[in-house]
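Q: coords please:
(one chain, ligands or ions: 1)
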Amino acid sequence: MTKVINTINEDILSGNICFIPTMGAIHEGHLSLVDIGKETNLKTLVSIFLNRRQFNNDEDFKNYPIEIEQDIELLESKDVDFIFLPQESYVYPGEGVPSIAPSKVGSILEGASRPGHFEGVLTVVNRLFDLVKPSHAVFGKKDAQQLFLIKDMINRFDLNIEIIEGDIFRDKNGLAMSSRNNLLSQNAKLNAANIFKSLKNVVKEINLGKSFEESIEIGINLINQNEIDLDYLEIVDEENFNYPNKYSKKLKLLTAAYVENVRLIDNIDIEI
Ligand code: AMP
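A: Coordinates of the predicted model:
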């Protein structure tokens, strides 16, 4: 039986918890993380908290989709143990919640385009960790830079939480599932699938022997052929998010782009 809760009490904390934080407008990507969480056989706790502090743009915050009733139904259908719906005043009581600045990786890519975003993310994740006290937490690889910075925070603060990573869940056209997809028209959703097609094309060109620069150029051209407004398309070393060098073992191609003024992010691994 799923319990909907607004606060955390001793009862909930009696036993190890696998925590799956979300901002709601639950979709199959979130549900795939729930499935992963359930495999731990721990109690699963999904939080839904639209964290104002990670939005650097008021309009974006106001437009963010909210679907609480449907979210509860979807999570109950997965039989999660707890759905945690905290009030803002519970998450941020007074001045006592420490603000967590990201390490320098927090200022590139998403961090460069959305100043303060990762500080907001780390602050809420750290606060939720402190409330929920999970032994495990599941995060999606869709937010690759966020995942990197959360793992970095765990190391920096020596938190005893095991992070489990969930693969990117996509719709049948390849568009990465996102709560923001709810803001797109049907046509825009089809068009947005070109983002992933472009990522795959860049990888193909690299595998055919083209340089990173040439391959990225091809990707940019492909994106520009569609009604997609590119923010960035960049390759990083997955280990440190620096530009790759000859010692790099795992690479990632990351992008952010706007379709109908909705910001979408995606990424793909590059095998080398
Ligand atoms: P959000 O509600 O967007 O803050 O996302 C909550 C969690 O779900 C984060 O760990 C995200 O990385 C993850 N997530 C979002 N979209 C997807 C997706 N398409 N596939 C897998 N995980 C996802």
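Q: in the sheet, who's paired with the residue in the stretch 51-200 of the chain that the ligand sits nearest to?
A: Closest residue of the stretch 51-200 of the chain to the ligand, Cβ to the nearest ligand atom: residue 140 (2.3 Å). (Each C-beta comes from the backbone N, C-alpha and C, glycine too.) Under DSSP bridges, the beta-bridge partners of residue 140 are residue 166.
Q: for it, what are its contacts?
A: Counting by Cβ atoms under 8 Å, 6 or more residues apart in numbering, residue 140 touches 29-30, 32-33, 147, 165-169.
Q: can you pull out the strands in this protein?
A: Ranges of strands within the chain are 3-5, 17-22, 43-48, 82-84, 136-140, 162-166, 229-237, 251-259, 262-270, based on DSSP state E.
Q: hmm, who's touching the fourth one?
A: When you say that, I think you mean strand 82-84. In this structure, residues lying in contact with strand 82-84 by Cβ under 8 Å, 6+ apart are 2-6, 8, 12, 43-49, 71-72, 75-76, 132.
Q: and the buried ones among the residues you listed, selectable in PyMOL?
A: Command for PyMOL that selects the buried part of these, burial taken from 16 or more other Cβ atoms under 10 Å:
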select buried, resi 2+5+8+12+43+44+45+46+47+48+49+71+72+75+132
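Q: mind checking how far residue 128 is from residue 82?
A: Distance, residue 128 to residue 82, using Cβ to Cβ, to the nearest Å: 13 Å.
Q: what's the answer for residue 132, then?
A: To residue 82, residue 132 is 9 Å away according to Cβ to Cβ.
Q: now do residue 185
A: Residue 185 sits 35 Å away from residue 82, taking Cβ to Cβ as the criterion.
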